[in-house]
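A.B. asks: Predicted model and sequence below, questions to follow.
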Amino acid sequence: MALLDSQVSQQVSQFFDGMQDAVTVEFYAGPEAEMAETFNELINEVADLSDLVMVKTTEKAPMLEPGHGGNETITGPVAELLDNTGNRTGVRFLGIPSGHEFGAFLEALKAVSTHTSGLSDQAREALATISKPLHIQVFTTPT
């Protein structure tokens, strides 16, 4: 059974019209991860709506972000976005992007495809002054 109805599928297809380069969604289901099957089905339905979106499954757990202890692992499900050259973009979704997060997922796919961040020129200039490695995390929630 499809997760996206025909109206939503049509809207997503139209949204993807402005995409430029391919994006790969690398999917890690994880051991006994809740909702992994649904997550996988969702990203494959989305990928079917554009020739520029591909899904690649992996059995290898993604690396944790800096600051985690040595014995911790990601249990999944996780989707990481890779650019058109196969490089990791740092954009990942932990858990199924449903509800309001679905829009953020689509926006991230398009941003990676078009190589645009949506940052203002002022923000780009400020970021250009950073001279040492910096780890930034952005969390979103619909509530």
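C.D. replies: Everything's here; your move.
A.B. asks: For the protein, which helix extends over the most residues?
C.D. replies: In the chain, with assignment by DSSP state H, the single longest helix is helix 100-114.
A.B. asks: Would you mark the buried spots in it?
C.D. replies: Phe102, Ala104, Phe105, Leu106, Ala108, Leu109, Lys110, Ala111, Val112, Ser113 (16 or more other Cβ atoms under 10 Å). Backbone N, C-alpha and C define where each C-beta goes, glycine included.
A.B. asks: and which of these is nearest Ala79?
C.D. replies: Phe105 (7.9 Å; Cβ to Cβ).
A.B. asks: show me what contacts that closest one?
C.D. replies: Val46, Ala79, Phe93, Pro97 (Cβ atoms under 8 Å, 6 or more residues apart in numbering).
A.B. asks: Could you report the pLDDT at it?
C.D. replies: Note for Phe105: predicted pLDDT of 95.
A.B. asks: And it, how close does it get to Val46?
C.D. replies: Distance of Phe105 to Val46, given as Cβ to Cβ, to the nearest Å: 8 Å.
A.B. asks: so where do the strands sit in this protein?
C.D. replies: In the chain, the strands defined using DSSP state E lie at 23-28, 53-58, 78-82, 88-94.
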